[in-house]
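J.: let me see the structure of the following:
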Amino acid sequence: MILRPQKGPQERFLSTEADIAIYGGAAGGGKTYALLLEPLRHMNVDGYSATIFRRNATQITIDGGLLDESMSIYGFLKNAVYKSSPKPHWIFGGRSKVSFMHIDGDRDLPKWQGSQICYIGFDELTHFDESQFFYMLSRNRSICGVKPYVRATCNPDVDSWVADFISWWINPDTGYPIPERSGVLRYFCRIEGEVKWDDSKEELAERYKIEPELCKSVTFIASSVYDNKILLENDPGYLANLHGLSLVERERLLNGNWKIRPSAGLYFKTEQTRIVKSVPEDLVAVVRAWDLAATEVNLGNKDPDRTAGVLMGRMRNGQYIVLDVKRMAANAATVRSIVKSTAETDKAEYGCKKILIPQDPGQAGKEQAQSYIRNLAGYSVKSKPVSGSKITRAEPFAAQWQQGNVLLLEGNWNETFLDELEGFPDALHDDQVDAASDAFSAVAYARTRRISRGDFAL
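T.: Numbers count the residues shown, from 1 in each chain. Okay, the predicted model is just below:
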């Protein structure tokens, strides 16, 4: 088996002389593969050590993660030996070593005091804080004879420190990488925590009256899934997966946009759906999901969060339909009563007995969820812990909405529902979005027992 980079950005990444090289800026460009391929050039150097970091340990060991990918590369080498203890690492001929570790916060940094790492890799640099990156840069040293260096991969994140760090390589108007700057070296120094840049080491040293040795070279090399010919040949469906993302995620992960950020109108547009007058006959799954609140409108709070309940169905052709939306500002007792009466109506009209209740963090949230489950005896009720940002929760629903795969049943709730979705995530309220996102997640993965309305299992 011959191990080599693919021609194009990956090859440039593995041949750059930069002290720090950042690679990627989109999904599917073969970023992790490149990080793992890099240390093999020094595998026969006595004392050479490499450590590739992820933000948490799970990202190292999950299916298809850093460890699995290393097995597909290093496992073919006769002199490579894998050891899982005391940390996942490979040893090459007893001479050099590649380790996989995580930095899950600043509290993990002190354990690296005194360490010497010739090659430091960051898989998804935007997941790390700036302070973590620069602290580990101080550990980038070696006496093995190889000049210490850093390699990193990333996907776009407009709010990360990385976006500012590589801004010279990014078009400020479009957010896309500037092709002619990809792979170009620049130089920086860090003075009292502030990064200073110039086009040459000498000019930078002269400007800030420092020794040239205090300046480091940096480059950013842009890549995308289109540069990964092997992936596209072996898994052509991956490109369709990227095209199926919502607009914001598609711009980031497919097109490498470093400027796009979540804003109203980018997730749900009214023209992307269609209102129908009758219920489809080919429903194969139906779920009602609730987002709970318990505050009435009063003089002190004239616009409180609402309780929202979204009834959503999945059709045999893979499309979805929002069948009904309930929204109210009411006290806890009234909300509980409405949830119960709505369940009865859903069962009578759609055969729906599946209800999803959010579970807020802490014991109080668990007790509230259990109380609703008892109140809804006779129905299939699941309590789902609330996790992740509202935007992350809404992404799968938004992706289908933008493809025109979500219909609305005509009702007096349509206008209010559409107004809130259009304003997401900037609008004051997002109760209906939250409920719709949870309903979509439940109904999208429901297992149907037979094709008949409401008869399915979560």
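J.: mind listing what's buried in stretch 127-139?
T.: Using 16 or more other CB atoms under 10 Å as the test for burial, stretch 127-139 gives 127, 128, 129, 132, 133, 135, 136, 137, 139. (Glycine included, C-beta is placed from N, CA and C.)
J.: who does the helix or strand containing the fifth one touch, helix- and strand-wise?
T.: The one in question is residue 133. Of the helices and strands defined by DSSP states H and E, residue 133 is found in helix 130-137. If contacts are counted by 3 or more CB pairs under 8 Å, 6 or more residues apart in numbering; DSSP states H and E, helix 130-137 sits against strand 119-122, helix 161-165.
J.: make JSON lines out of those and add mean pLDDT and mean neighbour count.
T.: Compiled in JSON lines, the helices and strands packed on helix 130-137 are given as follows (pLDDT from 0 to 100; neighbours: other CB atoms under 10 Å):
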{"stretch": "strand 119-122", "mean pLDDT": "98", "mean neighbour count": "24"}
{"stretch": "helix 161-165", "mean pLDDT": "96", "mean neighbour count": "19"}
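J.: mind giving me the packing neighbours of whatever helix or strand residue 101 lives in?
T.: Assigned by DSSP H and E, residue 101 belongs to strand 96-102. Here strand 96-102 touches strand 49-54, helix 58-61, helix 66-74, strand 89-92, going by 3+ CB pairs under 8 Å, 6+ apart.
J.: of all these, which one comes closest to residue 354?
T.: The closest of the helices and strands packed on strand 96-102 to residue 354 is helix 58-61. By CB to CB, the value is 30.0 Å.
J.: just how off-centre is the closest one within its chain?
T.: Its chain's C-alpha centre and that of helix 58-61 lie 15 Å apart, by CA atoms, centre = their mean, to the nearest Å.
J.: what mean pLDDT does the longest helix seen in the chain get?
T.: For the chain, the helix with the greatest residue count under DSSP state H is helix 332-350. Across helix 332-350, pLDDT averages out at 93.
J.: can you check stretch 239-256 too?
T.: The model assigns stretch 239-256 a mean pLDDT of 92.
J.: give me the contacts around it.
T.: Residues outside stretch 239-256 that contact it (CB atoms under 8 Å, 6 or more residues apart in numbering): 25-28, 155-157, 175-177, 222, 224-225, 232, 257, 260-262, 266-267, 395, 398-399, 401-403.
J.: could you export that stretch as CSV, CA atoms only?
T.: Provided in CSV are the C-alpha atoms of stretch 239-256 (Å, rounded to 0.1, in the frame of the first residue of the first chain):
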residue,chain,number,x,y,z
LEU,A,239,-21.7,15.5,-1.7
ALA,A,240,-25.5,15.1,-1.7
ASN,A,241,-25.4,15.1,2.1
LEU,A,242,-23.6,18.5,2.1
HIS,A,243,-26.0,19.9,-0.4
GLY,A,244,-28.8,18.8,1.8
LEU,A,245,-27.7,20.9,4.8
SER,A,246,-29.5,24.1,5.7
LEU,A,247,-28.2,27.3,4.0
VAL,A,248,-25.9,28.4,6.9
GLU,A,249,-24.3,25.0,7.3
ARG,A,250,-24.1,24.5,3.6
GLU,A,251,-22.3,27.8,3.1
ARG,A,252,-19.9,26.9,5.9
LEU,A,253,-19.2,23.2,5.3
LEU,A,254,-19.6,23.0,1.5
ASN,A,255,-18.5,26.4,0.3
GLY,A,256,-16.1,27.3,3.1
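J.: how about that stretch: buried residues?
T.: Those buried within stretch 239-256 under the rule 16+ other CB under 10 Å are 239, 242, 244-256.
J.: which of those lies closest to residue 368?
T.: Proximity of the buried residues of stretch 239-256 to residue 368, judged by CB to CB, is greatest for residue 246, which lies at 30.9 Å.
J.: phi and psi next, for the closest one.
T.: phi -70, psi 160 (degrees, to the nearest 10).
J.: could you do residue 196 as well?
T.: The phi and psi values for residue 196, taken as degrees, to the nearest 10, are phi -110, psi 140.
J.: so what's it closest to, chain neighbours aside?
T.: Once flanking residues are discounted, residue 196 sits nearest to residue 189: 5.3 Å by CB to CB, 6 or more residues apart in numbering.
J.: where does the one you found land in three-state SS?
T.: Here residue 189 is recorded as strand under DSSP: H, G, I helix; E, B strand; the rest coil.
J.: pretty sure it contacts residue 217?
T.: No. In this structure, residue 189 is not within contact of residue 217 by CB atoms under 8 Å, at 11.1 Å.
J.: quick one: mean pLDDT for the helix holding residue 133?
T.: What helix 130-137 shows for mean pLDDT is 96.
J.: tilt between it and strand 49-54?
T.: Relative orientation of helix 130-137 versus strand 49-54 (axes from the mean of the first three to the mean of the last three CA atoms, to 10 degrees): 170 degrees.
J.: if we can go back for a sec, so of the buried residues of stretch 239-256, which ones are in helices?
T.: 239, 242, 247, 248, 249, 250, 251, 252, 253.
J.: contact partners for residue 153?
T.: 22, 23, 24, 31, 32, 34, 35, 122, 123, 124, 125.
J.: quick check: the farthest pair among the buried residues of stretch 239-256?
T.: The most widely separated members of the buried residues of stretch 239-256, counting by CB to CB, are 239 and 248 (18.3 Å).
J.: list the helices and strands the very next helix or strand once past the longest helix of the chain packs on?
T.: Counting by DSSP H and E, the next helix or strand C-terminal to helix 332-350 is strand 354-359. If you count contacts as 3+ CB pairs under 8 Å, 6+ apart, strand 354-359 packs onto strand 283-291, helix 362-375, strand 380-385, helix 431-444.
J.: hey, least reliable of these by pLDDT?
T.: Ranked on mean pLDDT, the bottom entry among those is helix 362-375, at a mean of 83.
J.: perfect, I'm done here.
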